[in-house]
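Novice: Just need the structure, nothing else, for what follows:
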Amino acid sequence: MSDKRILRVGLIQQANTADHADNKRRLKEAIRTAASQGAELVVLQELHNGLYFCQTEDVHVFDQAEPIPGPSTEEFGALAAELGIVLVLSLFERRAAGLYHNTAVVLERDGSIAGKYRKMHIPDDPAYYEKFYFTPGDMGFEPIETSVGSLGVLVCWDQWYPEAARLMALAGAELLIYPTAIGYESSDPIEEQSRQSDAWQLVQRGHAVANGLPVITVNRVGHEDDPSGQTKGICFWGRSFVAGPQGELLCELGQEEAIHIVDVNLTRSESVRRWWPFLRDRRIDYFADLTKRYRK
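Specialist: Below is the predicted model:
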């Protein structure tokens with residue numbers, strides 16, 4: 001295809017502290033910088049307002065949750081409107097008393113809420129006790145329509161599930177976007193840390209290939225202590241990246257704070273899907289077992 005539709009995407013990779021006001025102040029400065037460099041879409045990391053609190057189970061943490069719409073969508077919405085950008089947030093949502101979600105919110109150029117997605121796959125592992133805090137999402141896998149395109153927004157643990165990526169693609173997503181908070185448990189051997197980090201990136205690049213879509217992943221960085229002292233805390237590995245529709249790396253960040261702008265060719269997906277027609281050749285007449293338990 002001769003015509004190119006280029007989207008300038010800003011990735012913001014940040015280390016957080018317990019000071020929510022300072023975290024948000026630094027995020028806003030970074031968002032302004034990304035917008036000044038031409039970013040039309042800016043993506044933030046998972047639960048970007050504070051620390052990753054799921055290393056322990058503490059009922060007092062629920063006090064950090066907020067409604068949507070609420071303070072963060074108003075605050076960041078005003079900034080999105082001022083800068084004329086589409087902005088992807090990741091918030092701890094208080095839906096009702098005792099009902100909480102890990103929720104991504106997309107803000108339009110005018111600051112309004114274009115849509116939201118509640119994290120569907122919730123982990124429960126040492127240092128990642130998310131099931132204590134988050135009810136699984138109930139909104140399905142529906143892309144969010146914006147002025148920059150149809151965004152297939154998922155969250156962190158969803159990264160490991162090809163079904164989620166495929167359903168977003170089949171529903172018309174032009175991009176897959178993953179706000180993320182993942183890292184090394186600090187006592188793991190170096191070799192294991194490397195295997196985990198590589199697997200995390202490889203599986204998402206596989207989603208790009210299998211669906212012929214760009215993938216945008218933004219992860220946090222820095223070390224965060226385990227308040228219980230049971231582990232040595234998490235060292236978030238960063239490595240935020242953008243992959244093209246053949247899995248090619250368009251950019252990959254390091255393990256330090258960063259603001260990065262990357263041009264994504266949204267037209268390329270059409271060409272790639274013509275060359276590799278994976279969606280055409282799906283054998284959906286034999287896929288019913290995907291919704292059943294594993295059979296021996």
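Novice: Confirm residue 89 sits in a strand?
Specialist: Yes - counting by DSSP: H, G, I helix; E, B strand; the rest coil, one finds residue 89 located in a strand.
Novice: Just the pLDDT at residue 5, thanks.
Specialist: The model reports residue 5 with a pLDDT of 94.
Novice: what does residue 125 give?
Specialist: On pLDDT, residue 125 comes in at 89.
Novice: Please name the bridge partners of it.
Specialist: Counting by DSSP bridges, residue 125 is bridged to residue 128.
Novice: Could you check how far residue 244 is from residue 193?
Specialist: According to CB to CB, to the nearest Å, residue 244 and residue 193 sit 27 Å apart. Every residue, glycine included, has its C-beta placed from N, CA and C.
Novice: Between these two, which is the more surrounded one?
Specialist: Using other CB atoms under 10 Å, the more surrounded residue of residue 244 and residue 193 is residue 244, with 20 against 16.
Novice: Contact partners for residue 88?
Specialist: Shown in contact with residue 88 (CB atoms under 8 Å, 6 or more residues apart in numbering): 41-44, 104-107, 151, 153, 177, 179.
Novice: will you turn those into a markdown table that also has distance to residue 230 and neighbour count?
Specialist: Output for the contacts of residue 88, formatted as a markdown table (distance: CB to CB, whole Å; neighbours: other CB atoms under 10 Å):
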| residue | distance to residue 230 | neighbour count |
| --- | --- | --- |
| 41 | 39 | 25 |
| 42 | 36 | 30 |
| 43 | 32 | 29 |
| 44 | 29 | 25 |
| 104 | 29 | 29 |
| 105 | 32 | 24 |
| 106 | 36 | 25 |
| 107 | 37 | 26 |
| 151 | 37 | 25 |
| 153 | 33 | 28 |
| 177 | 33 | 26 |
| 179 | 26 | 27 |
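Novice: Those in helices, which ones?
Specialist: Taking DSSP state H, every one of the contacts of residue 88 sits outside helices.
Novice: ok, so of the residues you listed, who is nearest residue 270?
Specialist: Within the contacts of residue 88, the smallest distance to residue 270 is 17.3 Å, found for residue 151 (CB to CB).
Novice: Can you tell me, leaving aside adjacent residues, what's nearest to that closest one?
Specialist: Closest residue to residue 151 apart from its sequence neighbours, by CB to CB, 6 or more residues apart in numbering: residue 144 at 4.8 Å.
Novice: and the one you found, what is it in contact with?
Specialist: Shown in contact with residue 144 (CB under 8 Å, 6+ apart): 106, 114-117, 150-151, 153.
Novice: Look up how far residue 282 lies from it.
Specialist: On the measure of CB to CB, residue 144 and residue 282 end up 24 Å apart.
Novice: Same question for residue 40.
Specialist: For residue 40, the distance to residue 282 (CB to CB) stands at 32 Å.
Novice: What's the per-residue pLDDT of the closest residue to residue 48 other than its chain neighbours here?
Specialist: Nearest non-adjacent residue to residue 48, counting by CB to CB, 6+ apart: residue 90, 5.6 Å away. For residue 90, the model assigns a pLDDT of 98.
Novice: Which residues does residue 90 form beta bridges with?
Specialist: Under DSSP bridges, the beta-bridge partners of residue 90 are residue 104.
Novice: Now the phi/psi pair for the residue nearest to residue 95 when sequence neighbours are not counted, please.
Specialist: Spatial nearest neighbour of residue 95, excluding adjacent residues (CB to CB, 6+ apart): residue 101 at 5.9 Å. Dihedral angles of residue 101 (phi, psi; degrees, to the nearest 10) stand at phi -140, psi 160.
Novice: coming back round to it: next, give me the two most distant ones among the contacts of residue 144.
Specialist: Farthest-apart pair in the contacts of residue 144 is 116 and 150; separation 14.8 Å (CB to CB).
Novice: Pull the number of nearby residues for residue 140.
Specialist: Residue 140 has 11 neighbouring residues, counting by other CB under 10 Å.
Novice: contacting residues for it?
Specialist: Residues near residue 140 by CB under 8 Å, 6+ apart: residue 167.
Novice: And it, how far from residue 153?
Specialist: For residue 140 relative to residue 153 (CB to CB), the value is 12 Å.
Novice: which helices and strands sit right next to the particular helix or strand that has residue 199 in it?
Specialist: Here residue 199 sits within helix 190-211, counting by DSSP states H and E. If contacts are counted by 3 or more CB pairs under 8 Å, 6 or more residues apart in numbering; DSSP states H and E, helix 190-211 sits against helix 162-170, strand 175-180, strand 183-185, strand 215-219, strand 241-243.
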